[in-house]
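In: mind looking at a prediction? Sequence and model below.
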Amino acid sequence: MTTAVDIAVIDYGMGNLHSIAKALRHIAPERHVWVGDDPELIKSASHVVYPGVGAIGDCMAEVRARGLDQVIHEVAQSKPLLGICVGMQGMMARSDENGGVDCLGLLPSRVQFFSDHFSDAKPQSNAQPALKVPHMGWNQVEQTQPHRLWQRIESGARFYFVHSYFVAADDCAYTVGKANYGIDIIAMLARDNICAVQFHPEKSHHDGLQLLKNFVDWDGAS
Amino acid sequence: MGLAKRIIPCLDVDNGRVVKGVQFVDIRDAGNPVEVARRYNEQGADEITFLDITASHEARDTTVKTVEKIASEVFIPLTVGGGIRECQDIRRMLNAGADKVGINTAAIHNPDLVREASNRFGSQCIVVAIDAKQVALATDTQSARWEIFTHGGRKPTGIDAVEWAVKMTDYGAGEILLTSMDQDGVKNGFDLGLTRAVTDAVNVPVIASGGVGNLQHLVDGVVEGHADAVLAASIFHFGEYSIGDAKQYMADHGIEMRL
């Protein structure tokens, strides 16, 4: 007999969800944080987190193999949903990774590769060495729109990023926070009850924990 | 406005205690790893690296428990290295709460481990650690040469450090942790020639390690060595400087930092 789930972290077998589960338990000790792939339990939760690490091709294949694509679509219509990193990318229409992968299509944007963008860009001078891929480390996030999840977080605060693919900030009408790494990228987007971040709030110290706290306290209305 | 350079305090852990040696010998006790990690987290460390230097196999369980404890209260990236030989070791550390795993000697004996691990767990969590020594004395960087050493710097491998770093990134390493065995623990600063040669040769972030004795050395590692991150142990362990002092000093010298 399983107890009721408050916060569900969707596990589709692609790696390390311990960090996000530990962070959620830390900020919401009174809530039941559950990690798993049971569609009914995911749908029973008040808040759902869609994390992701690794290659998008494998991620989407695992999500579909477990029937979780339908579950995420359902959740996306009804309750607070937070996509993290590859989870955010999985919400888009399509990714250039792995030769091109169709994603969930909750949002119409396209996920691009930094290296493709950098090689298309003008050659940089010797004084400014080429940017490395992955984009790894603490970058500043400019809050371009107000949102409940920004509460008690300053615009320009730094969050921890680690990714090689990105969504351009101007490719999405729902951008609420952007970062710059050779190009303006989406750091956070929000539409109705859906929110998604490219960075890792569970690894971003005080501001990251605050953002997770804001999410679990959010009713999904803007 | 952009990506910050990182300061990474390193915990060398032997049998459950943080220790620090000079050139891998002459060990000094520096405390309980969980307490030390907590302190650095509070001081604003950008990441924490935990290197298990315990020789015995039985002590590995202690390491897993320590990593679990640190990961449940420290919400910044945590890298764990030492004794990683196969994918199962990597999975175990990731399950314990590590975000990245450092592979050192095992990569030399079996380079395919790096390929296999990065395919399975993603490049972002595979750090290849390189311990290098200068083997050809040179007055200029062009003719200097560094070789990989194992067994705490005693055993040469004949492998060129720069070529090895490039090969490891081709195999899927997401980051390079580069330690100068000549400089480690002697507090004269990083081997800047080595740092620059490796950093400029690869397209993944490089963490400079080995030799930090003062805050100017951290600045030099970034400005002259071109490192993306700087790692230090003793200057923080024994209270000479806090992480906050180091970040402020680097920021005052024009380096973008998370303050």
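Out: The structure has been received and is ready for your questions.
In: what parts of chain A come near chain B?
Out: A:15-16, A:18-19, A:22-23, A:26, A:53-55, A:129-130, A:132-140, A:142, A:156, A:158, A:160-164, A:180-181, A:202-205, A:208-209 (Cβ under 8 Å from any Cβ of the partner chain). All C-beta atoms are positioned from the backbone trio N, CA, C, and that covers glycine.
In: run the last query once more with 7 Å
Out: A:15-16, A:18-19, A:22-23, A:53-54, A:132-140, A:158, A:160, A:162, A:180-181, A:202-203, A:205, A:208-209 (Cβ under 7 Å from any Cβ of the partner chain).
In: at the geometric centre of chain B, which residue sits there?
Out: B:Leu177 (4.4 Å; Cα atoms, centre = their mean).
In: state the next helix or strand along the chain beyond the strand or helix carrying that one.
Out: Per DSSP states H and E, B:Leu177 falls inside strand B:175-180. With elements assigned by DSSP H and E, the helix or strand that comes after strand B:175-180 is helix B:192-201.
In: phi first, then psi, for B:Ile126.
Out: phi -110, psi 110 (degrees, to the nearest 10).
In: please report how far the nearest residue to it once chain neighbours are set aside lies from B:Val204.
Out: The shortest distance from B:Ile126 to any non-neighbouring residue, by Cβ to Cβ, 6 or more residues apart in numbering or on different chains, is to B:Ser118 (4.6 Å). Distance from B:Ser118 to B:Val204, counting by Cβ to Cβ, to the nearest Å: 11 Å.
In: anything in contact with each of those two?
Out: Contact criterion Cβ atoms under 7 Å, 6 or more residues apart in numbering or on different chains; residues shared by B:Ser118 and B:Val204: B:173-174.
In: got the residues of chain B near chain A?
Out: Of all the residues in chain B, those in contact range of chain A (Cβ under 7 Å from any Cβ) are B:1-4, B:6, B:46, B:71-72, B:75-77, B:94-95, B:97, B:99, B:121-122, B:124, B:174-175, B:203-205, B:228, B:258.
In: buried ones only from these, please, as a ChimeraX command.
Out: With 16 or more other Cβ atoms under 10 Å in any protein chain shown as the burial test, the buried ones among the residues of chain B next to chain A are selected in ChimeraX as follows:
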select /B:3,4,6,46,71,72,75,76,77,94,97,99,121,122,124,174,175,204,205,228,258
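In: inside strands: which ones of the residues of chain B next to chain A?
Out: Judged by DSSP state E, the residues of chain B next to chain A include B:6, B:175 as members of strands.
In: and the contacts of stretch A:8-17?
Out: For stretch A:8-17, contacts defined as Cβ under 7 Å, 6+ apart pick out A:20-21, A:33-37, A:41-42, A:45, A:48-54, A:58-59, A:62-63, A:66, A:68, B:94, B:121-122.
In: what about burial for the residues you listed, which qualify?
Out: Buried, going by 16+ other Cβ under 10 Å: A:20-21, A:33-35, A:37, A:41-42, A:45, A:48-54, A:58-59, A:62-63, A:66, A:68, B:94, B:121-122, out of the contacts of stretch A:8-17.
In: so which of these are in strands?
Out: A:33-35, A:48-50.
In: mind checking the longest helix of chain A?
Out: Ranked by residue count and defined by DSSP state H, the top helix of chain A is helix A:205-216.
In: which residue, neighbours along the chain excluded, lies closest to A:Cys172?
Out: Per Cβ to Cβ, 6+ apart, closest to A:Cys172 is A:Ser109, 4.5 Å.
In: same check on B:Leu113?
Out: Per Cβ to Cβ, 6+ apart, closest to B:Leu113 is B:Ala106, 5.5 Å.
In: rewinding a little: against A:Ser164, how distant is the residue nearest to the centre of chain B?
Out: According to Cβ to Cβ, B:Leu177 and A:Ser164 sit 19 Å apart.
In: just A:Ser115 next, same as before
Out: Between A:Ser115 and A:Ser164 the computed distance is 7 Å (Cβ to Cβ).
In: quick check: which ranges of chain A have low pLDDT?
Out: A:1-3, A:15, A:120-129, A:222 (pLDDT under 70).
In: all strands of it, in order?
Out: According to DSSP E, the strands that chain A contains are A:7-10, A:33-36, A:47-50, A:81-84, A:94-95, A:101-102, A:110-113, A:135-140, A:142-143, A:158-163, A:165-166, A:175-180, A:184-191, A:194-197.
In: and of these, who's closest to B:Ala246?
Out: strand A:135-140 (14.8 Å; Cβ to Cβ).
In: contact partners of the closest one?
Out: By Cβ under 7 Å, 6+ apart, the list of residues contacting strand A:135-140 reads A:114, A:156, A:158-163, A:179, A:181, B:1-4, B:6, B:46, B:175, B:205, B:258.
In: now do that strand against strand A:175-180, angle only.
Out: 120 degrees (axes from the mean of the first three to the mean of the last three Cα atoms, to 10 degrees).
In: and strand A:135-140, how far out from the chain's middle?
Out: Its chain's C-alpha centre and that of strand A:135-140 lie 15 Å apart, by Cα atoms, centre = their mean, to the nearest Å.
In: determine how far the last residue of stretch A:83-92 lies from the first.
Out: Start-to-end span of stretch A:83-92 (Cα to Cα, to the nearest Å) is 11 Å.
In: just give me the neighbour total for residue 67.
Out: Since you didn't name a chain, this refers to chain A. 10 (other Cβ atoms under 10 Å in any protein chain shown).
In: wait, I meant chain B there
Out: B:Val67 has 25 nearby residues by other Cβ under 10 Å.
In: equivalent analysis for A:Gly220, please.
Out: When counting by other Cβ under 10 Å, one arrives at 16 neighbours for A:Gly220.
In: ok, now how distant is the nearest residue to it once chain neighbours are set aside from B:Ile243?
Out: Closest residue to A:Gly220 apart from its sequence neighbours, by Cβ to Cβ, 6+ apart: A:Asn193 at 3.4 Å. Shown here: A:Asn193 relative to B:Ile243, a distance of 39 Å by Cβ to Cβ.
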